[in-house]
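Novice: dropping a prediction and its sequence here:
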There are 2 protein chains.
Amino acid sequence: MILNNLANKKILLASQSPRRHELLKGIDIEFDIIAAGGIDEIFPENIPINDVPIFLAKEKAKAFANFIQENTILITADTIVKCKNNILNKPKDRNDAINMLKKLSGKKHKVITGVCISSINKNKCFKATSKVYFNKLTDREIEYYIDKYKPFDKAGSYGIQEWIGFIAIKKIKGSFYNVMGLPIQKLYKELQKF
Amino acid sequence: MILNNLANKKILLASQSPRRHELLKGIDIEFDIIAAGGIDEIFPENIPINDVPIFLAKEKAKAFANFIQENTILITADTIVKCKNNILNKPKDRNDAINMLKKLSGKKHKVITGVCISSINKNKCFKATSKVYFNKLTDREIEYYIDKYKPFDKAGSYGIQEWIGFIAIKKIKGSFYNVMGLPIQKLYKELQKF
């Protein structure tokens, strides 16, 4: 472990996303996962879309607050896909997923993740934004992806680390890992300072 | 397989890089790997650095030309890391790797991959460029990475998909998969048209 300041801490990641588990593992720290429970991802209508991920990451921190003991560090996060000032959530069903990918096809969108690091006496919240440029997709490509990869647990109905991320994403500006669900470089920096 | 035009083709990837194997697998096509042989990666001094990857990808295509039969499609590629108008190759040893990462620390560099698709009667070569922005690295981080991950098979002494890519890369502009060694979205498009 290179983050010496965390040596005596118990780190908890409150997320069911296998991508987030993989990304946090990738910085070589030990942590436990809180997978049960969670929140309804509801937010006040009057907050700007760009602030929704931090708002929800804070709500998640509150929901899991009873897990925080002395020497615990809790990490919560929320990722949204923002396209033309609308949020694309996890798709409800196959048709919803098809419609989302049609919206993303041939266009640029943003992926915004809010992260909160919480301990018994302090917390630090931050966000990261990445721009993603999609190539134009054919209906056949969209249906092939949805039927084979079933992206029903993914905001915006796609995973950048899957087939569609390989064939359709021309370029990104920002952090790739943020698009996967966790801006891991920023999180490393913030953990180092926490 | 969604690339119908390749249905009766035998695709060969001439590369020993496990990252390239993984990326080509990711677009759901079947292919074989030619891992033996290869070329000395030597190029004329007078060609611009940006053209070196295509030059070497063409040289590799020539070196493996005897594998091309009717209905064969051969894919060759070369990736360079360009920092301040210098090419950073694979490191010779631990010290060389340390020096390369010190050069990349806190700076922007480019990753350029040249790709050639070759058949018995035609070929198509193209390149892709991504910009990578490194955070400042401490000596301890550099040595930790090199000793634990041993990036001696990697141009520029780093893998974006490893620990150092998680903790040190602030952002990229361009294709992430190009930084891993193959601009897979461009390759998919070119294979579709080939």
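Specialist: Structure's in. What do you need?
Novice: now the residue of chain A most remote from its centre. Nearest residue, chain neighbours left out?
Specialist: The centre of chain A is farthest from one residue, A:R140, which by C-alpha atoms, centre = their mean lies 27.5 Å away. Distances taken as C-beta to C-beta, 6 or more residues apart in numbering or on different chains put B:I2 closest to A:R140, at 6.9 Å, once the chain neighbours are dropped. In this view, the C-beta of every residue, glycine as well, is placed from N, C-alpha and C.
Novice: I'd say that neighbour and A:D139 touch.
Specialist: No: B:I2 is beyond contact range of A:D139, at 11.8 Å (criterion: C-beta atoms under 8 Å).
Novice: between those two, point out the one with more neighbours.
Specialist: B:I2 (17 against 11; other C-beta atoms under 10 Å in any protein chain shown).
Novice: gap between the residue nearest to A:R140 and A:E143?
Specialist: Going from B:I2 to A:E143 by C-beta to C-beta, to the nearest Å gives 10 Å.
Novice: and the helices in chain A, which stretches?
Specialist: Secondary structure of chain A by DSSP state H: the helices cover A:18-25, A:52-63, A:94-104, A:139-149, A:163-168, A:176-180, A:184-193.
Novice: close to chain B, is the third one?
Specialist: No: residues of helix A:94-104 are not located near chain B by C-beta under 8 Å from any C-beta of the partner chain, the shortest gap being 14.2 Å.
Novice: pull the residues that contact that helix.
Specialist: A:81, A:83-84, A:88, A:91, A:134, A:137, A:142-143, A:145-147, A:151-152, A:156-158, A:164 (C-beta atoms under 8 Å, 6 or more residues apart in numbering or on different chains).
Novice: try it again at 7 Å.
Specialist: With C-beta atoms under 7 Å, 6 or more residues apart in numbering or on different chains as the test, helix A:94-104 has contacts from A:83, A:88, A:91, A:134, A:137, A:142-143, A:146, A:151-152, A:156-158.
Novice: could you list which of these also contact chain B?
Specialist: Counting by C-beta under 7 Å from any C-beta of the partner chain, nothing from the contacts of helix A:94-104 sits close to chain B.
Novice: mind listing which of those residues are in strands?
Specialist: Residues of the contacts of helix A:94-104 located in strands (DSSP state E): A:83, A:88, A:134.
Novice: and the residue nearest to the last one when sequence neighbours are not counted, how many neighbours?
Specialist: With C-beta to C-beta, 6+ apart as the criterion, A:F134 has its nearest non-adjacent residue at 5.0 Å, and that residue is A:L104. As a burial measure, the neighbour count of A:L104 was computed by other C-beta under 10 Å and equals 23.
Novice: next one, pLDDT for A:L104 please.
Specialist: pLDDT for A:L104: 98.
Novice: again, but for A:G37
Specialist: 68.
Novice: just A:K136 next, same as before
Specialist: A:K136 is given a pLDDT of 97.
Novice: also A:V52?
Specialist: Reading off the confidence values, A:V52 has pLDDT 96.
Novice: I'd like the distance between the residue lying closest to A:P44 once chain neighbours are set aside and chain B.
Specialist: Of all residues not flanking A:P44 in the chain, A:F55 sits nearest, at 7.9 Å (C-beta to C-beta, 6+ apart). Using C-beta to the nearest C-beta, to the nearest Å, A:F55 is found at 24 Å from chain B.
Novice: was I right to think A:F55 contacts A:N46?
Specialist: No: between A:F55 and A:N46 there is no contact under C-beta atoms under 7 Å: 11.0 Å.
Novice: more neighbours, the two?
Specialist: Neighbours were counted for A:F55 and for A:N46 using other C-beta under 10 Å; A:F55 has more, 18 against 5.
Novice: count of residues packed around the residue nearest to A:I39 when sequence neighbours are not counted?
Specialist: Distance criterion C-beta to C-beta, 6+ apart; nearest residue to A:I39, sequence neighbours excluded, is A:A63 at 4.8 Å. Other residues near A:A63 come to 16 when the count uses other C-beta under 10 Å.
Novice: same check, this time on A:K107
Specialist: Here the number of neighbours of A:K107 (other C-beta under 10 Å) works out to 14.
Novice: with the one 4 residues further on instead?
Specialist: A:V111: 28 surrounding residues under other C-beta under 10 Å.
Novice: quick one: contacts for it?
Specialist: Contacts for A:V111 (C-beta under 7 Å, 6+ apart) come out as A:79, A:81, A:130, A:132, A:178-179.
Novice: read off the pLDDT value for it.
Specialist: What the model reports as pLDDT for A:V111 is 98.
Novice: what bridges to it?
Specialist: According to DSSP bridges, the partner residues bridging A:V111 are A:V81, A:S130.
Novice: tell me the spacing between it and A:I164.
Specialist: Distance, A:V111 to A:I164, by C-beta to C-beta: 14 Å.
Novice: what stretches of chain A score poorly on pLDDT?
Specialist: Residue ranges of chain A with pLDDT under 70: A:1, A:36-37.
Novice: near chain B, which residues of chain A?
Specialist: Listed as neighbours of chain B in chain A under the rule C-beta under 7 Å from any C-beta: A:2, A:23, A:26-28, A:135, A:140-141, A:144, A:163, A:166-177, A:184-185, A:188.
Novice: buried ones among these?
Specialist: Among those, those classed as buried by 16 or more other C-beta atoms under 10 Å in any protein chain shown are A:2, A:23, A:26-28, A:135, A:141, A:144, A:163, A:166-177, A:184-185, A:188.
Novice: who's in contact with A:L24?
Specialist: Contact analysis of A:L24 by C-beta under 7 Å, 6+ apart lists A:13, A:31, A:182.
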